[in-house]
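> predicted coordinates and the sequence they were generated for:
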Amino acid sequence: MRPLPEVPPTAARVDAGQPEAALVEHYPRLARLGYLVLPPSLRRDRRVLTAHALAQRSLQAARRTGPPDGGAVPLPPPPRRAAPADAGYASLRLRVLRDALAAGRPLLLRRRPHRAQFPPVLPLTWGLRLFPHAGGTDELALEQRLSAVSGAARAAFVLRGLERLTDGEVRRVLADAGVADPHAALMEADGVSQGVSVPYALLASPEFDPCSLQARPPDLPRRRRYVRAALAGFAALLVCGALLGPPGEGRGSGALSAPLYARSQAAEEALEPGALRRVPAAFWRGSPRTDFTAWPTRGDRTEDTRLLRRALRVWARPGGGVRTSATPGTPVGPPMGAAQLLYAGEVGASAVVLFYDGLRVVRYAEPRDADPSQGAALDFGRVDGADVTSAGALVVGRAGDVVRYLTAPWVRQVRVRDLLAPGRPPRVLHRSPDGVTDPLTSPATAPGCRSWYAVELADDAAVRLVTDLGELAPARLTSGPPARPHDVSGRAEYGSWARTACLLRAVRSHGVRAVNSWTYATQSLPEGNGTARWVCTRAETWRGPGSRVLAQFQAPSGRAPGSGPPGVVAARAEDSPECGTPAPRVLAGVLWKSHGGRWYVLAAGSAQFTSLTTSGQVRGRARGRLLAAPAAEGARARLYGRLADGSRVGALG
C-alpha cells in the first residue's frame, strides 16, 4: 500500500459562502485597503469610486478560485495573525491588492491592459464628487509620504499597519499579488513612518475612509464647456466617417486582410511574392549555420503567387476574419523586409505557408477548398537564436487535437514515443518527400493525460526528443543537471519523464524553447516506506524571461520501475534562477503520510546544501540535504537550508 497524501484544510477550495460573508463583514476594511494602495495620481473622488469597485469585484474573483494540485501536500506556511484572517477574507484581500497595484501601472501597447487601469463603470455618480472627510496635519503628512513611494511600498505599509501582518506574512501576500521584489517594498515602506507620529494608527482615520464621504458639485461652467466640446467632436467624427466610409479592399468583419494605407517602398517590396528568399534543396549541406536559415524552400505550391500574396498581405495587416495567435513575447508586426519562404503547400484540409524572418516563424493557413476568409489563421512563433538542437521541426498543420510537423532537411528519421509508456519501443512516423509527417495526436490539446506523445528526431549526430506544447516550434526535452543537460536516454531517464510529462500542461502556450528535468535527490522514506525521488523541472523560453520551475516529489508507486502517477508539485516558481545554470540549487518540501498513518515533513535539497531546518509548527534540523521530521496532519512549517558557504536559502517559490 503506497502513501495516501491528503490535502489539509488550508489548501482546500474556499467555500462558496465564505467570500460573501467576508465581503459583508469587512467591506469597509477592503475599501479602505484599496483606497490607500491606489496610486495618488488619481483624483480623490476617482480613488473613492475605484476603491469601492475593487472591493465589489473581489467577490467574483474569489468565486473563481480553484483547488490546488492534488497528490502529496505542498508544505504549507505557518498560521497568520491577522484579525480577519479567514480563508474567504484572505482571498478578497488578495484580489483587492492585486487590482489596486495594477491600477498604478502605465498603459503600454505591448502589454494587455488590466481592468483596474480604467475608470470603473460601477459605482457611478453624476453631477457630484465624493470625498472622504478631511483629517488633520498628521493625516496630510502621511498622505504625502504615501504618495512619494511606490505602490508595492504602500501595500506593504498598509498590510503592516491596517492588517497587522508580520513582515514574513507581508512578503507572502505581496508575492501572491504579483510584486516582483517584496523585500525591497518592505524596506521602502520603512521610510514612510519617518517624521509622522503614530503612522499606523492614522490609517484608521476618516481621511482614508472611502465609506464615510461628503458630496460636492464639480466645476459647473467647465462641465457645460466640456459638453459643448463633446457634441462638436462627435459631429466631426460623423463627417469623417462619411468621407472615409466607402467600402474597399478588406472591409468588413470577415475580411481576410485589412486595407494598407501608408506604405513605404520597402513595405511594398516585402509584400511581393517575387521578393521572397528561396533556399535551394542542397544548401544546408554546405551551410555554415545549421538553423532555419539553412532550411530549403519546400511544398507543392511554392509557385502559387496568389496564395503567397494573400499570406503576405494577411501577415502585414490581418483583417477581422483571421484568427491570430502569438507565443508570449513575440512581436506580431508586418515583415521588415523580404522574408524567407520555408514551405507552401497543402496539409490536410488546409493550404499552408511558412515564413521565417530571422526572429519569427509565421504560419498562414486557409481552407483548401473554401473561401479563404472562412477560417484563415495566422500564427507567430519566436525562434531567434535557434540552432541545430532547436531547429529540427516546426508545426506545419494543426487541426483539433492533431498536428503535423515539417522536419529539418538533416533529420534522417522520425519516431514517436509515448512518454507515459517508457518500456514501449518507439514507432516510425512516416514523412512525405517534402518532410511533412503523418498526423499525430498532440498531447498539449488532447483531453486528459492517458498518453503523451513525443517525437524523436534523429540526425547524424544525435537523437533529440521534442514535444508539442501548443506552439509553432516544439519544445526540446532534456535530462541531467543544469550545467550538463543532455538528450533523454536510458531507462531511468525515460522512467522519470513518464511521471513528469503530464505536468508539462502547466507550461503549454508559454513560448517554451526547452524543458530540462533531473533528479536532484533520492530519499529513503521513514518506517521503511521505500525510496522517493525529488525531481526539478525547468522550462526555458525563447524570450529569456518567463522561465518556470517545478520541484516534484515522486513517491514510490509500487508499480513497475519507470511507471506510476505523475509527481506531486512540491513547489513552483516563475522567473527564478534556481534549478538553472545561474543557480543550479533547489530546495523543496512536502507534508507526507506513511503507510502506518503517521505524518512527516519531508524535504530535500540539491548537492549544494549542507543542512536543512524547519520552523513554525514543525521544528526539525538535519545535517546534509535530506530531512524527515514528525508532524501533525495539516501542520504548517517554514523550510530553509544552509549552503557550503554558510549562506541561508529558502525553499523554492
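Right, received. Where do you want to start?
> residue 341 is in contact with residue 297, correct?
Yes - between residue 297 and residue 341 there is a contact at 4.9 Å, judged by Cβ atoms under 8 Å. Where you see a C-beta, it was placed from the backbone N, CA and C, and this is true even at glycine.
> what is in contact with these two at once?
Each of residue 278 lies in contact with both residue 297 and residue 341 under the rule Cβ atoms under 8 Å, 6 or more residues apart in numbering.
> how about residue 588, secondary structure?
With DSSP: H, G, I helix; E, B strand; the rest coil as the basis, residue 588 sits in strand.
> number of nearby residues for the nearest residue to it once chain neighbours are set aside?
Nearest non-adjacent residue to residue 588, counting by Cβ to Cβ, 6 or more residues apart in numbering: residue 551, 3.6 Å away. Residues lying near residue 551 (other Cβ atoms under 10 Å) number 30.
> more neighbours: which of residue 297 and residue 341?
Higher neighbour count among residue 297 and residue 341: residue 341, with 24 against 18, using other Cβ under 10 Å.
> quick one, what contacts the most centrally placed residue in the chain?
Geometric centre of the chain, nearest residue: residue 510, 6.4 Å, by Cα atoms, centre = their mean. Taking Cβ under 8 Å, 6+ apart, we find residue 510 in contact with 327-328, 469, 539, 541, 546, 548.
> sorry, back to before: secondary structure element holding the residue nearest to residue 588?
Assigned by DSSP states H and E, residue 551 belongs to strand 544-554.
> okay, now the sheet partners of that strand, with direction.
Using DSSP bridges, strand 544-554 pairs in its sheet with strand 531-541 (antiparallel), strand 568-574 (antiparallel).
> got TSV for those, with mean pLDDT too?
TSV is the format used below for the strands paired with strand 544-554 (pLDDT from 0 to 100):
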stretch	mean pLDDT
strand 531-541	95
strand 568-574	92
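> out of these, which is closest to residue 166?
strand 568-574 (21.4 Å; Cβ to Cβ).
> ok, back up a step: can you go through the contacts of residue 510 and name the buried ones?
Buried subset of the contacts of residue 510 (neighbour count, 16 or more other Cβ atoms under 10 Å): 327, 469, 539, 541, 546, 548.
> which of those residues sits closest to residue 142?
residue 546 (37.8 Å).
> how far away is the closest one from residue 326?
According to Cβ to Cβ, to the nearest Å, residue 546 stands 14 Å off from residue 326.
> now do residue 478
Applying Cβ to Cβ, the value for residue 478 to residue 326 is 25 Å.
> these two: which is more packed in?
Higher neighbour count among residue 478 and residue 326: residue 478, with 23 against 18, using other Cβ under 10 Å.
> the more buried one bridge partners, please.
The partner residues for residue 478, given DSSP bridges, come to residue 487, residue 516.
> check which helices and strands the host helix or strand of residue 88 is in contact with.
Per DSSP H and E: residue 88 is located in helix 87-103. Identification of packing neighbours for helix 87-103 by 3 or more Cβ pairs under 8 Å, 6 or more residues apart in numbering; DSSP states H and E yields helix 17-37, helix 44-63, helix 151-161, helix 167-176.
> the third one - contacts with which helices or strands?
Counting contacts by 3+ Cβ pairs under 8 Å, 6+ apart, the secondary-structure elements packed against helix 151-161 are helix 17-37, helix 87-103, helix 167-176, helix 182-189, helix 199-202.
> what angle sits between that helix and helix 87-103?
150 degrees (axes from the mean of the first three to the mean of the last three Cα atoms, to 10 degrees).
> now the helices for the stretch 401-550 of the chain?
For the stretch 401-550 of the chain, the helices defined by DSSP state H, counting those that start in this stretch occupy 491-498.
> shaky segments in it?
Across the stretch 401-550 of the chain, nothing is flagged by pLDDT under 70.
> tell me the domain ranges of the chain?
9-216, 265-387, 402-583, 585-653 (automatic domain parsing).
> from the buried ones among the contacts of residue 510, which two are the most distant?
Maximum distance among the buried ones among the contacts of residue 510 (Cβ to Cβ): 14.0 Å, for 327 and 548.
> would you mind measuring from residue 431 to residue 288?
For residue 431, the distance to residue 288 - Cβ to Cβ - is 26 Å.
> give me the more crowded residue out of those two.
Ranked by neighbour count (other Cβ under 10 Å), residue 431 and residue 288 place residue 431 first, with 17 against 6.
> contacting residues for the closest residue to that one other than its chain neighbours?
Nearest residue to residue 431 in three dimensions, chain neighbours excluded: residue 437, at 5.2 Å (Cβ to Cβ, 6+ apart). Contacts for residue 437 (Cβ under 8 Å, 6+ apart) come out as 404-407, 414, 429-431, 455.
> pull out the buried members of these.
404-407, 414, 429, 431, 455.
> just the ones of those in strands?
Mapping those onto strands (DSSP state E) picks out 404-407, 414, 455.
> could you identify the most distant pair in those residues?
406 and 455, at 12.0 Å, using Cβ to Cβ across those.
> identify the contacts common to those two.
Common neighbours of residue 406 and residue 455 (Cβ under 8 Å, 6+ apart) are 393, 437.
> can you pull out the strands in the stretch 101-250 of the chain?
129-132, 213-216 (DSSP state E, counting those that start in this stretch).
> now do the first one, average pLDDT.
What that stands for is strand 129-132. When pLDDT is averaged over strand 129-132, the result is 62.
> the last one too?
Confidence for strand 213-216, expressed as mean pLDDT, is 60.
> picking that back up, between the buried ones among the contacts of residue 510, which is nearest residue 102?
Nearest member of the buried ones among the contacts of residue 510 to residue 102, counting by Cβ to Cβ, is residue 546, at 18.5 Å.
> I'd say that closest one and residue 511 touch.
Yes - counting by Cβ under 8 Å, residue 546 touches residue 511, with 6.5 Å between them.
> now for these two: what residues contact both?
Joint contacts of residue 546 and residue 511 (Cβ under 8 Å, 6+ apart) are 328-329.
> buried residues, the helix or strand hosting residue 285. List them.
Assessed by DSSP H and E, residue 285 sits inside helix 283-286. Using 16+ other Cβ under 10 Å as the test for burial, helix 283-286 gives residue 284.
> go on, stretch 167-187?
169-174, 177, 179, 182, 185-186.
> and if you look at stretch 635-647?
So, applying 16+ other Cβ under 10 Å, buried residues of stretch 635-647: 635-643.
> repeat that for stretch 494-507.
Result for stretch 494-507 [16+ other Cβ under 10 Å]: buried residues 494-505, 507.
> and stretch 460-476, by the same measure?
Those would be 464-476, for stretch 460-476 by 16+ other Cβ under 10 Å.
> for residue 336, state which of those is nearest.
residue 472 (19.1 Å).
> thought that closest one was touching residue 327?
Yes - the pair residue 472 and residue 327 passes the contact test of Cβ under 8 Å, sitting 7.5 Å apart.
> what's the overlap in contacts for those two?
Counting by Cβ under 8 Å, 6+ apart, the residues touching both residue 472 and residue 327 are 380-381.
> residues contacting the nearest residue to residue 547 once chain neighbours are set aside?
Nearest residue to residue 547, sequence neighbours excluded (Cβ to Cβ, 6+ apart): residue 540, at 5.3 Å. Residue 540 makes contacts with 512-516, 547, 580, as judged by Cβ under 8 Å, 6+ apart.
> turn those into CSV, including neighbour count.
Output for these, formatted as CSV (neighbours: other Cβ atoms under 10 Å):
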residue, neighbour count
512, 26
513, 23
514, 17
515, 27
516, 22
547, 22
580, 18
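> got a list of what the closest residue to residue 480 other than its chain neighbours touches?
Of all residues not flanking residue 480 in the chain, residue 486 sits nearest, at 4.8 Å (Cβ to Cβ, 6+ apart). Residues in contact with residue 486 (Cβ under 8 Å, 6+ apart) are 478-480.
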